[in-house]
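Trainee: just to be clear, the model below is a prediction. Sequence and coordinates:
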2 protein chains.
Amino acid sequence: MQAKAVGLTQGLPVSDPNSLQDVTIDVEQPRGRDILVSVLATAVNPIDTKQRQGQSPVTTPRILGFDAVAKVLAVGDAVTTIMTDDIVYYAGAVDRPGSDAQYQLVDERLVACAPTTWSPAQAAGLPLTTLTAWEALFEKLPFTAAADANLGQSVLIINGAGGVGSMAIQLAKWAGLQVVTTTGKPATTEWVKQLGADIVLDYHQDLGSQLAAAGLESVDHVILLHSTDQYLPLVTPLIRPLGTIVAVVTNQQPLPMALLKPKSLNFAWEFMFTKANYQLPAMATQGVILARVAQLADAGVIVPTTKRTLAGINAANLRTAHEIVETGQMLGKIVLTAPFDA
Amino acid sequence: MQAKAVGLTQGLPVSDPNSLQDVTIDVEQPRGRDILVSVLATAVNPIDTKQRQGQSPVTTPRILGFDAVAKVLAVGDAVTTIMTDDIVYYAGAVDRPGSDAQYQLVDERLVACAPTTWSPAQAAGLPLTTLTAWEALFEKLPFTAAADANLGQSVLIINGAGGVGSMAIQLAKWAGLQVVTTTGKPATTEWVKQLGADIVLDYHQDLGSQLAAAGLESVDHVILLHSTDQYLPLVTPLIRPLGTIVAVVTNQQPLPMALLKPKSLNFAWEFMFTKANYQLPAMATQGVILARVAQLADAGVIVPTTKRTLAGINAANLRTAHEIVETGQMLGKIVLTAPFDA
């Protein structure tokens, strides 16, 4: 069937009206483990802007959008965990058409029922950042994913106020960690404190002396959510021996990894699309994580990180959202809500 | 008391007779958790030659040697696990005087009783390489340290014929892993097969096509025991998504870590002196590991890796051993045995 969508056919600056266009696409009926959904809200993440900028020319419009809340219209014959009429949320797969579309096919293993007490605009801000933060904390770092299970341990989250950071702080606090994070202005400092950060360092100043002034000699592990090139050398002195640095942002230059050797440190990439891209059995963990986090959301343990909502999913609103995300100064998440009103 | 030793006062090429000299040093009585030992055999590792080459001029001779079998002469007042007259083995600490000396002080936590059925020359080849291989396999990689506990999993060990490689192969086989390794000539190929390697790749040829020809699409994890700069890009295509690359050799140039991101790979440094250098509580794990491996040695599960023994611990023999290790072509280990006969 046909669906309204916002797509692109080449990589253009977001100031160009052709960078994201209102289009019509064909969406097939679901087969196998796919479900067919009607999108209610879609969020924009840095991966959208990077994918848009790097898009080589194509004739069929590419659909971005890797964060959504949607209603299930139909399910494939091998689907076992999701039913028609469920309201689900998911990040999906980066190598398939995304959620900037009226209808979308998604693998059920990547999907869970959305928090029942949150609006679509609130829940659409969760999946990608939640999966990234969860996998960083509980799969890449050796922390335990349970309430107060890591008391006495600490994590430094570089750039706590962004999308992933806002979820990482909340999940880390839920798990009992002492959370140290970095911000650069009063508004972001207030936001991360509201989310539960214990120690907030000013990234314009020396991190080590601020950490020491806060009474901490070192942190157990680090999550880098801003320039890996810039921060790897800065956090290495702050982490305890045998600790792990998880990075999310692709380095632009080769990295001085020898700095990490005296302490026998570990460096781990967290890229949430790896599981789906390689069709790993572990891709089903993403549905499980989202189901668990929906419970935490409904229990009030975590709060929404959506900070701005644009009503109407269309090219103009999506360009606005891309433009804001491209500033790199986004606090929390930005979401577009249905209807599709091009 | 005074002790014969082999030391150095500056970094010189091993061809220079002054690069390693017969000296006399003072050794104090043991205090706290230290034990005083009489060295029976000492082995040479790449860290000895690197430390020798990089030594800045000093007036008191520096004593290298980070692998030994020794007899315990006295113990400090806080020692609880080691007794006088025990025959022990250990790597020790890189920031204290080493085992190229008649008498030495060592922290009991780094020490275990040597295999009772092995000669000092055999057992002195074990500690440093065993600790490195064990920590790489069972602390840095998620393998379980028990017989046949990892059946169905695989590890690629780059440079399996050297000191660490020779132990890593044996420990990996004991733990039930499928072991893939690399060699470059018939003698080393025969040696690694003798140690239990399942698949041996020729490092002069393309690794991926050889692995495929052997029926493996990928390996679970990788241990790099040769140039990290050279091998990191070569092994990245061979490892499964979410796998870990453990490296032992310091990189000379910044590393292209972005290559590891699509698979969300992990990179871990294994440097066995980290625990002692930072006086971590975990340093006691090294005594525990060595005790476990002594049992495996006495049970015949692992075989000696000492391939050459020089009788007499003196400067001439030690220079010879350094010269051989510096070639980087060493098969297994080289050991010097008492007496101190300068």
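Mentor: Perfect, thanks for sending it. Numbers count the residues shown, from 1 in each chain, chains lettered A, B, ... in the order given.

Trainee: for the rest of this, base every contact and every neighbour count on C-alpha atoms.
Mentor: Fine.

Trainee: Three-state assignment for A:Val164, please.
Mentor: helix (DSSP: H, G, I helix; E, B strand; the rest coil).

Trainee: also A:Asp229?
Mentor: Classification of A:Asp229 using three-state DSSP returns helix.

Trainee: how about it: what's its closest non-neighbour residue?
Mentor: A:Asn251 (5.5 Å; CA to CA, 6 or more residues apart in numbering or on different chains).

Trainee: okay, now the domains of chain A?
Mentor: A:2-126+A:274-340, A:129-269 (automatic domain parsing).

Trainee: what would those domains look like in CSV with mean pLDDT and distance to B:Ala338?
Mentor: Below are the domains of chain A laid out as CSV (pLDDT from 0 to 100; distance: least, CA to CA, whole Å):
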stretch, mean pLDDT, distance to B:Ala338
domain A:2-126+A:274-340, 97, 55
domain A:129-269, 97, 32
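
Trainee: okay if I get those as TSV plus mean neighbour count?
Mentor: Output for the domains of chain A, formatted as TSV (neighbours: other CA atoms under 10 Å in any protein chain shown):
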stretch	mean neighbour count
domain A:2-126+A:274-340	20
domain A:129-269	20
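
Trainee: identify whichever of those domains lies nearest to B:Leu259.
Mentor: domain A:129-269 (9.4 Å; CA to CA).

Trainee: what about the helices in the stretch 51-200 of chain A?
Mentor: A:120-123, A:127-134, A:163-174, A:186-195 (DSSP state H, counting those that start in this stretch).

Trainee: could those be laid out in JSON lines, adding distance to B:Ser15?
Mentor: JSON lines is the format used below for these (distance: least, CA to CA, whole Å):
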{"stretch": "helix A:120-123", "distance to B:Ser15": "70"}
{"stretch": "helix A:127-134", "distance to B:Ser15": "55"}
{"stretch": "helix A:163-174", "distance to B:Ser15": "56"}
{"stretch": "helix A:186-195", "distance to B:Ser15": "61"}
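
Trainee: quick check, the residue in the stretch 1-150 of chain A closest to chain B?
Mentor: Chain B sits closest to A:Lys140 of the stretch 1-150 of chain A, with a gap of 8.3 Å, by CA to the nearest CA.

Trainee: so who does that residue touch?
Mentor: Counting by CA atoms under 8 Å, 6 or more residues apart in numbering or on different chains, A:Lys140 touches A:246, A:268-270.

Trainee: closest one of the residues you listed to A:Pro13?
Mentor: For these, the nearest to A:Pro13 is A:Glu270 (27.4 Å; CA to CA).

Trainee: go ahead and confirm that closest one touches A:Val246.
Mentor: Yes: if you go by CA atoms under 8 Å, A:Glu270 and A:Val246 touch, sitting 6.5 Å apart.

Trainee: between these two, what contacts are shared?
Mentor: Between them, A:Glu270 and A:Val246 share the contacting residues A:136, A:140, judged by CA under 8 Å, 6+ apart.

Trainee: so what's the most centrally placed residue in chain A closest to, chain neighbours aside?
Mentor: Centroid check for chain A by CA atoms, centre = their mean gives A:Thr129 as the closest residue, at 2.1 Å. Residue nearest to A:Thr129 in three dimensions, not counting chain neighbours: A:Val164, with 4.4 Å by CA to CA, 6+ apart.

Trainee: just give the nearest non-adjacent residue to A:Lys333, would you?
Mentor: Nearest one to A:Lys333, counting by CA to CA, 6+ apart, is A:Thr306 at 4.4 Å.

Trainee: wait, what's in contact with that neighbour?
Mentor: Contacts of A:Thr306 by CA under 8 Å, 6+ apart are A:121-122, A:125, A:332-335.

Trainee: same question, A:Val249
Mentor: A:224-228.

Trainee: circling back to that earlier point, over to the residue nearest to A:Asp229: give its phi and psi.
Mentor: Dihedral angles of A:Asn251 (phi, psi; degrees, to the nearest 10) stand at phi -70, psi 150.

Trainee: wait, it touches A:Thr228, no?
Mentor: Yes: in this structure, A:Asn251 is within contact of A:Thr228 by CA under 8 Å, at 5.5 Å.
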